[in-house]
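Engineer: Quick check, what structure comes out for this input:
(4 chains)
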There are 2 protein chains.
Amino acid sequence: MAKLDFSPIADTTRRAEIVALLRRAILTGQLEPGQKLNELRISEQMRVSRAPLREAMRELVQEGILTSIPYAGTFVIDVTAKDIIDAYSLNKVLDEFAIELAWPQRDQRFFDELDRRHEAVKQATRALDTTSQIETALQLHGLIYEWADNSVLLETWQRLTSRLQMYFALHQRARNEPVPAEDLHETYAALLKGSDMRAAQRHAREHIDGDFEELLAYARGLEKRASKN
Amino acid sequence: MAKLDFSPIADTTRRAEIVALLRRAILTGQLEPGQKLNELRISEQMRVSRAPLREAMRELVQEGILTSIPYAGTFVIDVTAKDIIDAYSLNKVLDEFAIELAWPQRDQRFFDELDRRHEAVKQATRALDTTSQIETALQLHGLIYEWADNSVLLETWQRLTSRLQMYFALHQRARNEPVPAEDLHETYAALLKGSDMRAAQRHAREHIDGDFEELLAYARGLEKRASKN
DNA sequence: TCTTGTTAGATTGTCGACAATCTGCTTGTC
DNA sequence: GACAAGCAGATTGTCGACAATCTAACAAGA
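Structural biologist: Next up, the predicted model:
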């Protein structure tokens, strides 16, 4: 019999689709921080009842990008400078750990995947598609987590990534120029192919610090925000 | 005017209470790994409709202690040896980071809280209340995370803690003796009061490795499990 | 006997309506 | 005018019923 690995069937519940829609809206900045999500209005727009919408919102609350106050409403999380600092400093620690775990696991598939994702970033950069640029860059970055073979670590990073993506999107939205940062990915990919693990870890830190400064400056410019409907 | 800090009013939604009830049942092992949660039965037992119950379940799914398969059901997560290894190895890394952040933040309130929680562990140990013993030990451990002043790190640890508590409870349930581990907390608390940060970090690792061996042996004994109703 | 189609029962997913709560405005009183 | 009480509208929380889907048992055919 021919061996063929089928991937699991996609979740076809309304709830899952709503989660995807809302998450995308939040992570791309279409829904602004602090903004209230009106259940009735959204459910009507999506042509869906409130039940699956509310369940979807619960998931996103636990995912950390929404926050809920009983009988008051559900809101997109606020972003403060401290949040960004916290997320980044944790990210550094996790990166170092992920590289350490993934290092001996690197195989041909890893290198292929590395090239593929790097190429995706370059293409998004050329196309000036900033949203996809952020997405692909984070996916490139996530490769070491997928190869680290530690489910809890991967899960943790995915949660962190949600926020990072949101931060970058907001930053991007504030200043309307495309992000440069091309060369950085170049050396990052090269180091992951090399044999000096410490060097890769070191660069991961500095790479992060690169964009970090800009993001932080943006964050400091926030600090004032009102919740709108 | 007299300054008085009021703590927020408790969430009085059914959903929040259901979450607390279910979480407790899972973390104490009353609901076994792999077990299916029948919505109708549980909602009847709790005298609640399925809507808030389902929302509560979504939260616990995102919290990582339940898993959901569309149209099939929601189940308590399975526990494998690898899960335990993964959780612990990440915990080590996070501990080291938390101690580093919390170290300069230690103040009188920290030391008081340290003593208080340590006392709670000892009392639970004397009373042979294994459930509360696990809880208090984890709370003692969580102190450094609360003082680290990094919201993302704290949140990450709380998620991790859920699983650890579940693992310990299962382990505890399998072998019916009380956990010893008294002296370990003693030295841990002493080191956190001292001036040698590196030593505290080192001990945190070894402390963990102590109980770890037993837990792992238990985990290896699992590896076979069927999903029951 | 093995496979395939069918059906009944149970369970999850979704809906529309009602209850509880909050918010802002109005009213009345001093 | 200041302030508390109370009312109306909007919004969230909860409920009971229906629709969609799955599972397991059974029947039919090769």
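
Engineer: for DNA strand D, what are the nearby residues on chain A?
Structural biologist: Contacts of chain A with DNA strand D, taken as CB under 7 Å from any atom of the strand, map to A:12, A:36-40, A:50-51, A:54, A:68, A:70-74, A:229. Using the backbone N, CA and C atoms, a C-beta is placed for each residue, glycine as well.

Engineer: switch the cut-off to 10 Å
Structural biologist: A:9, A:11-13, A:36-43, A:49-51, A:53-55, A:57-58, A:68-75, A:229 (CB under 10 Å from any atom of the strand).

Engineer: Please spell out the ChimeraX selection for the buried subset of the residues you listed.
Structural biologist: In ChimeraX syntax, the buried subset of the residues of chain A next to DNA strand D is picked out as below (16 or more other CB atoms under 10 Å in any protein chain shown):
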select /A:37,42,43,53,54,55,57,58,68,74,75
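
Engineer: So which of the residues of chain A next to DNA strand D are in helices?
Structural biologist: Per DSSP state H, helices hold the following members of the residues of chain A next to DNA strand D: A:39-43, A:50-51, A:53-55, A:57-58.

Engineer: For residue A:119, grab the count of nearby residues.
Structural biologist: 13 (other CB atoms under 10 Å in any protein chain shown).

Engineer: Helices along chain A, start to end?
Structural biologist: Going by DSSP H, chain A shows helices at A:14-27, A:39-46, A:50-63, A:81-102, A:108-126, A:130-147, A:151-174, A:182-193, A:197-221.

Engineer: among these, which is nearest residue B:88?
Structural biologist: Closest of these to residue B:88 is helix A:151-174, at 9.2 Å (criterion: CB to CB).

Engineer: any weak-confidence spans in chain A?
Structural biologist: Counting by pLDDT under 70, chain A has low-confidence residues at A:1-10, A:176-182, A:208-211, A:222-229.

Engineer: if we go to 50?
Structural biologist: Scanning chain A for pLDDT under 50 picks out A:1-3, A:224-229.

Engineer: Taking it, what residue is nearest to chain B?
Structural biologist: Residue nearest to chain B within chain A: residue A:62 (3.2 Å; CB to the nearest CB).

Engineer: Need the ones in helices among the residues of chain A next to DNA strand D in TSV (columns: distance to residue A:20).
Structural biologist: As requested, these are exported to TSV (distance: CB to CB, whole Å):
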residue	distance to residue A:20
A:39	18
A:40	21
A:41	19
A:42	14
A:43	16
A:50	18
A:51	17
A:53	13
A:54	16
A:55	13
A:57	13
A:58	15
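
Engineer: Could you identify the most distant pair in these?
Structural biologist: Across those (CB to CB), the longest gap, 18.3 Å, separates A:41 and A:58.

Engineer: Contacts only, for residue A:163.
Structural biologist: Residues near residue A:163 by CB atoms under 8 Å, 6 or more residues apart in numbering or on different chains: A:64-65, A:83, A:87, B:152.

Engineer: Columns neighbour count on top of those residues, output as JSON lines?
Structural biologist: Conversion of the contacts of residue A:163 to JSON lines gives the following (neighbours: other CB atoms under 10 Å in any protein chain shown):
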{"residue": "A:64", "neighbour count": "19"}
{"residue": "A:65", "neighbour count": "20"}
{"residue": "A:83", "neighbour count": "20"}
{"residue": "A:87", "neighbour count": "23"}
{"residue": "B:152", "neighbour count": "22"}
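
Engineer: nearest to DNA strand D, of those?
Structural biologist: Using CB to the nearest atom of the strand, the shortest approach to DNA strand D within the contacts of residue A:163 belongs to residue A:65, at 16.5 Å.

Engineer: From residue B:76, how far off is the closest one?
Structural biologist: Going from residue A:65 to residue B:76 by CB to CB, to the nearest Å gives 26 Å.

Engineer: How about residue A:24?
Structural biologist: Distance check for residue A:24 against residue B:76: by CB to CB, it reads 30 Å.

Engineer: now do residue A:99
Structural biologist: From residue A:99 over to residue B:76 the distance is 33 Å, taken as CB to CB.

Engineer: Same question for residue A:41.
Structural biologist: 36 Å.

Engineer: try residue A:38
Structural biologist: Plainly put, residue A:38 is 35 Å away from residue B:76 if you go by CB to CB.

Engineer: can you check residue A:204 too?
Structural biologist: Distance from residue A:204 to residue B:76, counting by CB to CB: 36 Å.
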